[in-house]
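Undergrad: Got a predicted model here, sequence first, then my questions.
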Amino acid sequence: MIRFLFLIPVTILFLAAGCRPEPQKPDNLVQESVYTNLLAELYLTKNFVESVGLLEKEDSLQAIVFDHYDVTREQFEESHKFYQRQVPDQVARIDSVRNMLQRERSAMLEAENRANGY
């Protein structure tokens, strides 16, 4: 019975989410391929900053990433909001980023093993 009562609000939430209007595309939308690369690099930046303990440098490192892609922080944030409202597509984008990072990690470990003679 409790499980059934839990399903009612969840069902209502999904129905309400499905009735929302299509998100409006920002004028300065970051191209999807650039967006996924940015997402990956921002993730790497965040992990680096946390692992090395340079939290006070995170904003300046992110600024370097944004400059590299010629995207402003505001432009990225607007695009991020737009892309996140497309849930199935955003899940696919995040999976793509995760796979890209895993391939990079594997390649780095392989190169390190070769350099060490393993």
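TA: Happy to help now that I have it.
Undergrad: what comes into contact with stretch 85-94?
TA: Among residues not part of stretch 85-94, those counted as contacts by C-beta atoms under 8 Å, 6 or more residues apart in numbering are 20, 23, 32, 35-36, 39, 83-84. No exception for glycine: its C-beta is placed from N, CA and C like everyone else's.
Undergrad: quick one: buried residues of that stretch?
TA: By neighbour count with 16 or more other C-beta atoms under 10 Å, stretch 85-94 contains the buried residues 93-94.
Undergrad: now swap in stretch 39-53 and tell me
TA: Of the residues in stretch 39-53, those buried by neighbour count under the rule 16+ other C-beta under 10 Å are 39-42, 45, 49.
Undergrad: Could you measure from the spatially most central residue of the chain over to Val97?
TA: The residue at the geometric middle of the chain, judged as the C-alpha nearest the mean C-alpha position with C-alpha atoms, centre = their mean, is Leu39 (4.2 Å). Using C-beta to C-beta, to the nearest Å, we find Leu39 at a distance of 5 Å from Val97.
Undergrad: Which neighbouring elements make contact with whatever helix or strand Thr36 lives in?
TA: If you go by DSSP states H and E, Thr36 is part of helix 32-52. For helix 32-52, the contact count by 3 or more C-beta pairs under 8 Å, 6 or more residues apart in numbering; DSSP states H and E identifies helix 58-68, helix 73-84, helix 87-115 as packing neighbours.
Undergrad: out of the ones you listed, nearest to Asn28?
TA: The minimum distance between Asn28 and these falls on helix 73-84, with 4.9 Å, by C-beta to C-beta.
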